[in-house]
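Chemist: need a 3D model of the sequence below.
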Amino acid sequence: MHYEFDGESRKSSSARIFWIFLAVVLVTAGVIFLLVRSGRETGGNENPAGTSAPAGEVSNVPPVEEINPVGGAETDLLNGNASGSGAAVSGDEQSVEVEEEKGKSEEPLKVEAGPAENEDVPTEEPEKGKPWIGDFKETPLKRPAGLTGEAAEDFRTKVTSALEKEDENELRRLVAEAVENSEDYIFAGEALGKLSMKNYVSGGRDFYSYYQVGGGDNLSRISRKLKVTADSLIYLNNIKNANLIKWGQRLKYVPGVFSVRISKEARILKLYRDGKLFKIYEIGVGRQGRTPLGKFTVGEKLKTPVWYPGDGREVSPDSEENQLGTRYIALNNAENRPTGYGIHGSRDESTVGKSLSHGCIRMKNAEVEELYMLLPINSEILIEK
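Modeler: From the prediction side, this is the model:
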């Protein structure tokens, strides 16, 4: 059998083969281009010259370049609204945005007066300078008896001497020797706290660990990864602009798990690091036993918070009526939902040490700012009788 093909058929067939081949080449080139571009955006960058550790590596090795020492105490460590995600690296520096520290609750937190209890007893706060309405009486402070006379003086002399010598082991021994929650215990614990914070700020190479900033990093992401606060990174590394960090920069941080234990009767807050007492703070608690007992976690954290007293008003941070002070640390329940209670500062610091709040824990502003810096989201808090 014999077949014949004319010239036009041959040309049409050749054209179809050519266009099919061209389409395959273009599709292949497009796929290769997308893969290369994706690789560059997801960390294909190499370490900049002069750095030895991979980006994002946690290391106990001291930084190559000396980090500037922390300056004087700063109370407002991290200002500005936070949002989102890190920017891609460009040159030696990257612009980053710092997220506000928030818990997992879906709705924005409104700081309101704590849930009302004992409604049969009038508890409306009086005008300034006037007595409480009804039969309200402040709950008396209850602290165990401690040493007296010469024994008390001798104990305090030992504590003062140990603090001057920066002898942490001796201070811990004296704390353990004292009756828990007694005045002696608090005196020794406060001395230990002073030494703890001094070590925290300038503890030296053995005290710190280091993190090298990598592509896409920002302070919020780094703090979550290291389980510390963004404020602590800013403070320890003397960062002047929280929205600008350098690729390859070594950030020092203090590793460890912070937790809190509160005694309502003694009106003290004990801060622990890795299960060891770190510092003791005096606090105020709720009137008529309103401060709840139990286990909680740190929820949303707010700076210069707005207060909602429960009567429909919105009290701005600069108002004299705002009782929250400069910081608010929300207490979340076992389901990680806000309880309506929190730890906050105070407009009137004379109320610290008393039972006058709606149920929240009150602290002096400088001390709650310090606690705010140390205590990350989800830290455990235990409130005891």
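Chemist: tell me how many other residues crowd residue 161.
Modeler: 11 (other Cβ atoms under 10 Å). C-beta: built from backbone N, CA, C; applies to glycine.
Chemist: show me where the stretch 1-150 of the chain dips below the pLDDT cut-off.
Modeler: In the predicted model of the stretch 1-150 of the chain, residues 1-13, 31, 33-138 satisfy pLDDT under 70.
Chemist: what about 90?
Modeler: 1-143, 145 (pLDDT under 90).
Chemist: which elements pack onto the lengthiest strand in the chain?
Modeler: In the chain, with assignment by DSSP state E, the single longest strand is strand 294-303. The contact analysis (3 or more Cβ pairs under 8 Å, 6 or more residues apart in numbering; DSSP states H and E) places strand 294-303 against strand 327-332, strand 338-344, strand 380-384.
Chemist: okay, now the sheet partners of the last one, with direction.
Modeler: Sheet pairing here is set by DSSP bridges, and for strand 380-384 it gives strand 258-263 (parallel), strand 294-303 (antiparallel).
Chemist: which of these sits closest to residue 346?
Modeler: strand 294-303 (14.9 Å; Cβ to Cβ).
Chemist: quick one: buried residues of the closest one?
Modeler: 296-303 (16 or more other Cβ atoms under 10 Å).
Chemist: can you show me the CA trace of that strand as PDB?
Modeler: Provided in PDB are the C-alpha atoms of strand 294-303 (Å, rounded to 0.1, in the frame of the first residue of the first chain):
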ATOM      1  CA  GLY A 294      -6.300  29.000  92.300                       C
ATOM      2  CA  LYS A 295      -4.000  28.500  89.300                       C
ATOM      3  CA  PHE A 296      -3.900  31.000  86.500                       C
ATOM      4  CA  THR A 297      -1.600  32.000  83.600                       C
ATOM      5  CA  VAL A 298      -0.500  35.300  82.200                       C
ATOM      6  CA  GLY A 299      -2.800  36.500  79.500                       C
ATOM      7  CA  GLU A 300      -2.800  39.800  77.600                       C
ATOM      8  CA  LYS A 301      -0.300  42.500  78.800                       C
ATOM      9  CA  LEU A 302      -1.100  46.200  78.400                       C
ATOM     10  CA  LYS A 303       0.900  49.400  78.900                       C
END
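Chemist: list the contacts of residue 360.
Modeler: By Cβ atoms under 8 Å, 6 or more residues apart in numbering, the residues touching residue 360 are 114, 286, 291, 341-344.
Chemist: can you check residue 262 too?
Modeler: For residue 262, the contact set (Cβ under 8 Å, 6+ apart) comprises 268-270, 283, 361, 381-384.
Chemist: let's have these in TSV, adding distance to residue 145, pLDDT and neighbour count.
Modeler: Converted to TSV, the contacts of residue 262 look like this (distance: Cβ to Cβ, whole Å; pLDDT from 0 to 100; neighbours: other Cβ atoms under 10 Å):
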residue	distance to residue 145	pLDDT	neighbour count
268	16	96	20
269	21	97	22
270	19	98	22
283	21	97	26
361	25	96	27
381	28	98	21
382	24	98	15
383	23	97	20
384	19	96	12
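Chemist: which among those residues gets closest to residue 229?
Modeler: Closest to residue 229, out of all of the contacts of residue 262 and judged by Cβ to Cβ, is residue 381, at 15.2 Å.
Chemist: if we can go back for a sec, got JSON lines for the helices and strands packed on strand 294-303, with distance to residue 236 too?
Modeler: Output for those, formatted as JSON lines (distance: least, Cβ to Cβ, whole Å):
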{"stretch": "strand 327-332", "distance to residue 236": "19"}
{"stretch": "strand 338-344", "distance to residue 236": "22"}
{"stretch": "strand 380-384", "distance to residue 236": "23"}
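Chemist: tell me which of the ones you listed sits nearest to residue 261.
Modeler: strand 380-384 (4.8 Å).
Chemist: what's the angle from that closest one to strand 327-332?
Modeler: Angle, strand 380-384 to strand 327-332, by axes from the mean of the first three to the mean of the last three Cα atoms, to 10 degrees: 80 degrees.
Chemist: between strand 380-384 and strand 338-344, how big is the angle?
Modeler: Using the same axes, to 10 degrees: strand 380-384 against strand 338-344 is 90 degrees.
Chemist: put the alpha carbons of strand 380-384 into CSV.
Modeler: Provided in CSV are the C-alpha atoms of strand 380-384 (Å, rounded to 0.1, in the frame of the first residue of the first chain):
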residue,chain,number,x,y,z
GLU,A,380,2.1,30.3,85.7
ILE,A,381,0.5,32.2,88.6
LEU,A,382,-0.6,30.6,91.8
ILE,A,383,-2.8,32.6,94.3
GLU,A,384,-3.0,31.1,97.8
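Chemist: ok, residues contacting it?
Modeler: 259-264, 291-298, 331, 343.
Chemist: let's see that with 7 Å instead.
Modeler: Defining contact as Cβ atoms under 7 Å, 6 or more residues apart in numbering, one finds that strand 380-384 is touched by 259-264, 291-298, 331.
Chemist: pick the one among those residues closest to residue 374.
Modeler: residue 260 (9.8 Å).
Chemist: show me what contacts that closest one?
Modeler: Residue 260 touches 269, 271, 375, 379, 381, counting by Cβ under 7 Å, 6+ apart.
Chemist: at 10 Å what do you get?
Modeler: Applying Cβ atoms under 10 Å, 6 or more residues apart in numbering, we find residue 260 in contact with 269-272, 278, 281, 296, 298, 329, 331, 343, 361, 371, 374-375, 379-383.
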